[in-house]
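**Q** How does the following fold in three dimensions:
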Amino acid sequence: MSSSPEHTGNISLFYESERNGWSFAFTNTFRSSMLFSIGEDEQGDQYYGREIHMDVVISKRLWKGLVASFQVNNITDQAAKEYLGKPGESYSRIQQTEYYGQRFQLGLKWTL
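**A** As a prediction, this is how the structure comes out:
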């Protein structure tokens with residue numbers, strides 16, 4: 001048994017200039033906590049905690065056909081948490097926390 005989160009959201013900002021070759025994208029996604037396993041009582045229910053992720057991509061056309069890019073995912077190093085009991089309730093407690101870190105990517109793209 002699992003459920004969908006009650007609230008989800010996504011905000012994206014994007015800029016691109018054909019004239020000077022710059023582009024920029026910023027995304028922020030949100031997901032509220034969600035139930036993934038039902039226990040014997042509400043204190044035994046298991047939940048994934050809420051998550052907020054921020055990512056950014058910047059690219060620059062260096063010359064015709066060649067583009068350099070820089071990407072950062074999980075800027076805030078958001079932790080993935082699992083709870084016993086509904087998060088925010090006085091009886092809930094963290095069962096597990098995992099950190100995946102930030103991810104950086106630098107690239108060059110050549111188009112013929």
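
**Q** tell me which helix or strand of the protein sits lowest on mean pLDDT?
**A** Every helix and strand of the chain was ranked by mean pLDDT, DSSP states H and E. The lowest is strand 34-37, at a mean of 93.

**Q** how close does residue 54 sit to residue 9?
**A** Going from residue 54 to residue 9 by C-beta to C-beta, to the nearest Å gives 12 Å. In short, each C-beta sits where N, CA and C put it, glycine included.

**Q** Looking at those two, which is more packed in?
**A** A side-by-side neighbour count of residue 54 and residue 9, using other C-beta atoms under 10 Å, places residue 54 first with 17 against 10.

**Q** Pretty sure that one sits against residue 102.
**A** No: here residue 54 lies out of contact with residue 102, judged by C-beta atoms under 8 Å, at a distance of 10.0 Å.

**Q** who touches both of those two?
**A** Taking C-beta atoms under 8 Å, 6 or more residues apart in numbering as the contact rule, the neighbours common to residue 54 and residue 102 are 74-75.

**Q** Mind checking what secondary structure residue 30 has?
**A** Here residue 30 is strand, with the state taken from DSSP: H, G, I helix; E, B strand; the rest coil.

**Q** Kindly report the same for residue 20.
**A** Secondary structure state of residue 20, per three-state DSSP, is coil.

**Q** Look up how far residue 109 lies from it.
**A** 17 Å.

**Q** contacts for stretch 78-88?
**A** With C-beta under 8 Å, 6+ apart as the test, stretch 78-88 has contacts from 33, 35-36, 39, 42-53, 91-100.

**Q** The residues you listed, buried ones only, as a ChimeraX selection?
**A** Selecting only the buried entries of the contacts of stretch 78-88 in ChimeraX, with 16 or more other C-beta atoms under 10 Å as the criterion:
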select :33,35,45,46,47,48,49,50,51,92
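
**Q** list the helices and strands the longest strand seen in the chain packs on?
**A** The residue-count maximum for a strand in the chain (DSSP state E) belongs to strand 51-63. In this structure, strand 51-63 makes packing contacts with strand 22-31, strand 66-73, judged by 3 or more C-beta pairs under 8 Å, 6 or more residues apart in numbering; DSSP states H and E.
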